[in-house]
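Enquirer: have a look; sequence and predicted model below, questions after that.
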Amino acid sequence: MTKVFWFFGRCGAGKTTLAKSLYDALLGQKVPVFYLDGDEMRSGICSDLAYTPEARAENHRRTAEVAKLAAEQGLNVIVSTMAPQYGHRDIVSGVLGERLVWIFVQAPIEVCVQRDPKGLYHRAQTGHLDKLLNFPFDAPRPQESKNTIDTVAHDINGSTKLVRELAELHLGRSRFESK
């Protein structure tokens, strides 16, 4: 069965970096793979959605449905979105079922603010982006935290290695080539 590896965590935790690394590794192994990024979904399929609680839930539902369609066509799917609330993750789980592999990318808010790769936290601090700093992020439940990558405890090479080992476990691949 193909899998959907769903990377979630705060902005700046390292979701996109690790998701793209896994995508590249799977491509290098000739594993059929498809990548969905939350920002790209927001600029295309979900561009009609606002940032209300209902719209955020719909954004995750649509992303999960696209992932499901790709998985049903034989592609392993890698997704990176914040999925900050239990309701978002419940929607995703409901759509994807046992194909879903949650990967929680963990970093404290202070580290995410310091990294700020997209300048979102700076915009929030200067009043140009509402609610990012105090937007509720529900701690992962046990079924969502089995696969946690702490990007403070592990540098990028260590985090990437952990993600690849996780994929090997779920896909039954013997090993990934070194990059």
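Expert: That came through, no problem.

Enquirer: any chance you could read off phi and psi for the residue nearest to R10 when sequence neighbours are not counted?
Expert: For R10, ignoring the flanking residues on the chain, the nearest one in space by Cβ to Cβ, 6 or more residues apart in numbering is C112 at 4.7 Å. The C-beta positions use only the backbone N, C-alpha and C, and glycine is treated the same way. C112 adopts backbone torsions of phi -60, psi -40, taken as degrees, to the nearest 10.

Enquirer: swap in F104?
Expert: Backbone geometry at F104, expressed as degrees, to the nearest 10, gives phi -90, psi 120.

Enquirer: what is the burial count for it?
Expert: 20 (other Cβ atoms under 10 Å).

Enquirer: which residues in the chain form helices?
Expert: Ranges of helices in the chain, per DSSP state H, are 15-28, 38-43, 53-72, 86-96, 109-115, 120-125, 142-145, 156-171.

Enquirer: switch those helices over to JSON lines; also include mean neighbour count.
Expert: Shown next, in JSON lines, are these (neighbours: other Cβ atoms under 10 Å):
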{"stretch": "helix 15-28", "mean neighbour count": "20"}
{"stretch": "helix 38-43", "mean neighbour count": "15"}
{"stretch": "helix 53-72", "mean neighbour count": "18"}
{"stretch": "helix 86-96", "mean neighbour count": "18"}
{"stretch": "helix 109-115", "mean neighbour count": "16"}
{"stretch": "helix 120-125", "mean neighbour count": "16"}
{"stretch": "helix 142-145", "mean neighbour count": "12"}
{"stretch": "helix 156-171", "mean neighbour count": "17"}
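
Enquirer: would you reformat those helices as a markdown table and include distance to V79 and mean pLDDT?
Expert: Output for these, formatted as a markdown table (distance: least, Cβ to Cβ, whole Å; pLDDT from 0 to 100):
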| stretch | distance to V79 | mean pLDDT |
| --- | --- | --- |
| helix 15-28 | 7 | 95 |
| helix 38-43 | 8 | 92 |
| helix 53-72 | 6 | 96 |
| helix 86-96 | 8 | 97 |
| helix 109-115 | 19 | 80 |
| helix 120-125 | 19 | 61 |
| helix 142-145 | 14 | 94 |
| helix 156-171 | 13 | 94 |
